[in-house]
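Visitor: Below is the structure, and that's it, no one-letter string:
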């Protein structure tokens, strides 16, 4: 049986709009009442910030409360019940919009038709200190990179502006700087410092969901800047919660493989770097590509939030001091393979999970794992720092290593010859590889 599927042709650059004239940069207004206005009409008594907080607290309480019969509990009169319906999409979108930004980049080029070019994309506010007006923003690497740019050695724009939803006129531009990024993960981090616009805004840092808990058929809301017409919302579902695609990267030369979420949500040029949200407005991915085949409709892709978060944290850790500008991933010297894969139906949730048996396929001689792990070991779990992940998918090992820093202990629990064995190793500087 063949275990390699043919790769759908994907053009990553389709989601990044190139704009020559400033007149292309238009603003968008959405008509109608806001979700907060509707909540007030339905009995909520409080400010917008209190309403958003009530949504988050309700979700946390629901996840943390495992006692009693939930159907017998009486809701608070100010609590807004969120269900999977068209109205909940508006609430989720409102939460996501507060964390969404429009991204505009200008490049110096050496092309024959002019000396400047521009790109338009999207981003999400990952970290926010509103009192200081500081923010860290996640976007796509291909939004801030231009292969023809001559402005700096790594061809990343040194003229980047971001705009908040509802404040997209030219006089509301917020200057941003490039912290670091990865062509191989298509993630970049931007930094905003001492912005008066941020200080007085309703902006909020995004709430990041666990993308490993996603299922096919769940809500997928994209918020971005399609066709550079301003921040807007589209809605669909998750078509596949995890798969790999291969494409030519933004340098037009390098072939890269990305793990992505497949969606049927409408995404277009300019959606790149924007958030993909669940029906509670929590981030589940970063939109980055779509199928460009003429006979294919509504196949888009997003980088899972677990990957985007881990890459962003890695960039912030290694690049914040300016000595590096790339992801530094720890490599322990093993290759992993899926020995088996099956679907498991959860009767309690009514949802299907994919479960794989993951084995060590090879161990590199002289690597950190040499002498600790052996070919044929079945991987049970991996612990990096204090976070333990049960290994039920091949990507769990790869993703976990993005969180490993020099000096951290990485512990594997494996089954070897029918026995459970624990192996630990300490990450060294020699383990780091630039991505």
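Guide: Thanks, I have it. Keep in mind it's a predicted model, so treat the numbers as computed, not measured.
Visitor: Could you list the domains of this protein?
Guide: Residue ranges for the domains of the chain, per automatic domain parsing: 7-59+79-324, 328-434.
Visitor: Could you verify my assumption that residue 262 touches residue 300?
Guide: Yes - in this structure residue 262 lies within contact range of residue 300 using CB atoms under 8 Å: 7.4 Å. The way it works is simple: take the backbone N, C-alpha and C, and place the C-beta from them, glycine included.
Visitor: Show residues contacting the one helix or strand residue 389 maps to.
Guide: Using DSSP states H and E, residue 389 sits in strand 387-390. Under the contact criterion CB atoms under 8 Å, 6 or more residues apart in numbering, strand 387-390 has outside partners 380, 381, 382, 383, 396, 399, 400, 403.
Visitor: Longest strand of the protein, counting residues only.
Guide: Of all the elements of type strand in the chain, the one with the most residues (DSSP state E) is strand 232-248.
Visitor: List the buried residues of that strand.
Guide: Applying a neighbour-count criterion of 16 or more other CB atoms under 10 Å, one finds 232, 233, 234, 235, 236, 238, 239, 241, 242, 245, 247 buried in strand 232-248.
Visitor: If you count contacts, what does it end up packed against?
Guide: In terms of contacts (3 or more CB pairs under 8 Å, 6 or more residues apart in numbering; DSSP states H and E), strand 232-248 is packed against helix 86-97, strand 219-224, strand 255-263.
Visitor: residues touching the residue nearest to residue 391 when sequence neighbours are not counted, list them.
Guide: When the adjacent residues along the chain are set aside, residue 391 lies closest to residue 379, with 4.5 Å between them (CB to CB, 6 or more residues apart in numbering). By CB under 8 Å, 6+ apart, the residues touching residue 379 are 336, 358, 359, 360, 391, 397, 412, 413, 414.
Visitor: Repeat that for residue 300.
Guide: For residue 300, the contacting residues are 222, 262, 263, 264, 265, 266, 267, 271, 287, 289, 290, 291, taking CB under 8 Å, 6+ apart as the criterion.
Visitor: Equivalent analysis for residue 179, please.
Guide: Residue 179 is in contact with 136, 188, 189, 190, 191, 315, 316, 319, 320, 325, counting by CB under 8 Å, 6+ apart.
Visitor: Per-residue pLDDT of it, please?
Guide: Per-residue confidence at residue 179 stands at 96 (pLDDT).
Visitor: Could you check which helix or strand contains it?
Guide: Following DSSP H and E, one finds residue 179 within strand 174-182.
Visitor: returning to what we had before: so what strands line up beside the strand holding residue 389?
Guide: Strand 387-390 has its sheet partners listed here by DSSP bridges as strand 378-384 (antiparallel).
Visitor: quick one, phi psi at the closest residue in space to residue 129 that isn't next to it in sequence?
Guide: On the basis of CB to CB, 6+ apart, the spatially nearest residue to residue 129 that is not a chain neighbour turns out to be residue 135, at 7.4 Å. Phi and psi for residue 135, reported as degrees, to the nearest 10, are phi -150, psi 150.
Visitor: Residue 135 is in contact with residue 127, isn't it?
Guide: Yes - with contacts defined as CB under 8 Å, residue 135 counts as touching residue 127 at a distance of 6.5 Å.
Visitor: Good, wrapping up.
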